[in-house]
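Enquirer: test case, fold it:
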Amino acid sequence: MTYPQLTDKPGALATAAAIRAGTMSVAEAVDAAITRVEKLDGAINALAVPNFEQAYKAAEAMDAAGPAEGQPLFGVPMTIKESFDVAGLPTTFGHPQYKDQMATRDALLVRRLKAAGAIIIGKTNVPVDLTDWQSFNPVYGRTTNPHNAERSPGGSSGGSAAAVASGMVACDYGTDIGGSVRVPAHFCGVWGHKTTWGLVPKTGHDHPSMSRREGFVAAADGPLSIAGPLARNPQDLAVLTEAGAEFPLRRRAKPLKDCRLLAITQLPGAPVDASVLEPTEAALEALARAGVTIDRASDLLPDQPLHYRSYLKMMNIVMSGGAPAPDGKQATARDWFTLMNAQATAIAQWEALFETYDFVLAPPAPVLALPHSDKAVFRGTIAINGTEESGASGLMWSGMATFPGLPSTIVPIGSGTYLGAELPCGMQVIGPRWADLDCIAAAEAIGNILHR
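Expert: Predicted structure coming up:
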């Protein structure tokens, strides 16, 4: 099995290795990335905010100084989601009124990536308030899928995935609360990783309506939402995850053939289109032929429709900052504690499941890359097997890992045909909390079987 790839440009670790070997300078690596952006981005519109001048200055300084210890990304040009603060650049969340207000300092994650040797050449496009599986806004316009200009690259980290898939940059960092790293990776045919909640800090990822207020102090990470990387290979994902992590992660290094996997492809109330199911079933069959043990059902799986309802309520409260819902109702403290109890129950149930299973495999979304629409996906319908279904129903597949705070890696598995177009397809590899590197390693092993 193969999956669609649009570029043969080297990844992050390969670029860093070439620089260390002296086959290219940091300045040459940055110039090559900027040249690719200038060549490719006119049709894709992935890059919302360029940072070219500062990137060139950083490259010159790094060439003069040479690599320091603990810089696995030395000289690697990359982008980051528009919603992260980068000093001297605007953070708008897609709102025009903030386009001329510049961040005064880098987000903590940006500082960590720079400390690891990366150079931020710009910020990538998002939907307004990061609330769609598309990426368009009145400030920076619409990002297209590099595989098919008529389709969405996903959201809210759609610009991130499009920049990586097209070959403009080797990697990017996005955020995910409703599949916002995983769905773009799935739509664009790249690797993505939803980190364990709390592993990578989001200080400096604050809505501009709050962060521009006098006396504002960055709050702790909000519930559910995480920062996670996108890349074209799993090795880069692992290094990016470690570069952003709050503490060192352990690797269990258990071979895939010794693992027991649970594959979930059907959930009540969350149908999956044949364009996703067919490559997923083909991938599962290939894994089984390779000797991987996969169960197709288990009573240990938590009640997903039940937890989905709590997940939606919690996510809506988080995304609105506790403001009243469209119906005028506002969550009370009692409501919030009820949701926290439901989340604790989900965490405990998943921990019990992982006493038997090593990883859970599932679709990241019920469809492949969607046609562009002026309406947010979650406010309309999506075509699934010829029937219009609620767009929000797809969130059950992202909520499976989000609500209990689990890590989940997207591995590209092939392609399918959705609404007349052949498009990339990915699969989630979900694991226990804090087993991020194990998730990525399992996804890599799966990819090695599928892509050989």
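Enquirer: just checking, what packs against the helix or strand containing Val110?
Expert: Per DSSP states H and E: Val110 is located in helix 108-115. Counting contacts by 3 or more C-beta pairs under 8 Å, 6 or more residues apart in numbering; DSSP states H and E, helix 108-115 is packed against strand 77-81, strand 119-124, helix 234-244. Glycine gets a C-beta too; all of them are placed from N, C-alpha and C.
Enquirer: most tightly surrounded among these?
Expert: Highest mean neighbour count of the helices and strands packed on helix 108-115: strand 77-81, a mean of 31 (counted as mean count of other C-beta atoms under 10 Å).
Enquirer: please state the offset of that one from the chain centre?
Expert: Remark: strand 77-81 is offset 13 Å from the chain centroid, using C-alpha atoms, centre = their mean, to the nearest Å.
Enquirer: quick check: angle from it to helix 108-115?
Expert: If you take axes from the mean of the first three to the mean of the last three C-alpha atoms, to 10 degrees, strand 77-81 sits at 180 degrees to helix 108-115.
Enquirer: who does strand 77-81 pair up with?
Expert: strand 119-124 (parallel), strand 171-176 (parallel) (DSSP bridges).
Enquirer: make a markdown table from the helices and strands packed on helix 108-115 and add mean pLDDT to it.
Expert: Shown next, in a markdown table, are those (pLDDT from 0 to 100):
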| stretch | mean pLDDT |
| --- | --- |
| strand 77-81 | 98 |
| strand 119-124 | 98 |
| helix 234-244 | 98 |
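Enquirer: take these and write them to a markdown table, including distance to Lys202.
Expert: As requested, the helices and strands packed on helix 108-115 are exported to a markdown table (distance: least, C-beta to C-beta, whole Å):
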| stretch | distance to Lys202 |
| --- | --- |
| strand 77-81 | 11 |
| strand 119-124 | 15 |
| helix 234-244 | 10 |
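Enquirer: of all those, which one is nearest Asp327?
Expert: Nearest of these to Asp327, taken as C-beta to C-beta: strand 77-81 at 31.0 Å.
Enquirer: so how far is the least confident helix or strand in the chain by mean pLDDT off the chain centroid?
Expert: Least confident element among the helices and strands of the chain, by mean pLDDT, DSSP states H and E: helix 208-211 (a mean of 82). The chain centroid and the centroid of helix 208-211 are separated by 23 Å under C-alpha atoms, centre = their mean.
Enquirer: over to stretch 193-209?
Expert: Centroid separation for stretch 193-209 versus its chain: 12 Å, with C-alpha atoms, centre = their mean.
Enquirer: pull out the buried residues from it.
Expert: For stretch 193-209, the neighbour count (16 or more other C-beta atoms under 10 Å) marks 193-197, 199-208 as buried.
Enquirer: what of stretch 357-370?
Expert: Going by neighbour count (16+ other C-beta under 10 Å), the buried part of stretch 357-370 is 357-370.
Enquirer: likewise stretch 22-42?
Expert: Within stretch 22-42, judged by 16+ other C-beta under 10 Å, the buried ones are 25-27, 29-31, 33-34, 36-37, 40-41.
Enquirer: next: stretch 45-53.
Expert: Those would be 45-52, for stretch 45-53 by 16+ other C-beta under 10 Å.
Enquirer: closest to Ile430 out of the residues you listed?
Expert: Among the buried residues of stretch 45-53, and counting by C-beta to C-beta, the member closest to Ile430 is Ala46, at 27.4 Å.
Enquirer: pull up the gap between the closest residue to Ser166 other than its chain neighbours and Gly447, please.
Expert: Excluding its sequence neighbours, the residue lying closest to Ser166 (C-beta to C-beta, 6 or more residues apart in numbering) is Pro146, at 4.0 Å. Distance of Pro146 to Gly447, given as C-beta to C-beta, to the nearest Å: 20 Å.
Enquirer: and what of Ser298?
Expert: When Ser298 is compared with Gly447 (using C-beta to C-beta), they lie 24 Å apart.
Enquirer: which one's more surrounded, the two?
Expert: When neighbours are counted by other C-beta atoms under 10 Å, Ser298 and Gly447 differ, and Gly447 comes out ahead with 22 against 13.
Enquirer: pretty sure Pro234 is one of the things that one touches, is it not?
Expert: Yes - assessed by C-beta atoms under 8 Å, Gly447 is found in contact with Pro234 at 6.7 Å.
Enquirer: what touches both of those two?
Expert: Val411 (C-beta atoms under 8 Å, 6 or more residues apart in numbering).
Enquirer: could I get the buried residues of stretch 357-370 as CSV with distance to Leu287 and secondary structure?
Expert: Rendered in CSV, the data for the buried residues of stretch 357-370 read as follows (distance: C-beta to C-beta, whole Å; DSSP: H, G, I helix; E, B strand; the rest coil):
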residue, distance to Leu287, secondary structure
Tyr357, 14, coil
Asp358, 13, coil
Phe359, 11, strand
Val360, 13, strand
Leu361, 8, strand
Ala362, 14, strand
Pro363, 15, coil
Pro364, 17, coil
Ala365, 20, coil
Pro366, 21, coil
Val367, 23, coil
Leu368, 21, coil
Ala369, 24, coil
Leu370, 28, coil
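Enquirer: so can I have CSV of the residues you listed showing distance to Ser135 and pLDDT?
Expert: Conversion of the buried residues of stretch 357-370 to CSV gives the following (distance: C-beta to C-beta, whole Å; pLDDT from 0 to 100):
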residue, distance to Ser135, pLDDT
Tyr357, 34, 98
Asp358, 34, 98
Phe359, 29, 98
Val360, 28, 99
Leu361, 27, 99
Ala362, 24, 98
Pro363, 21, 98
Pro364, 16, 98
Ala365, 15, 98
Pro366, 19, 98
Val367, 16, 98
Leu368, 16, 98
Ala369, 12, 98
Leu370, 12, 98
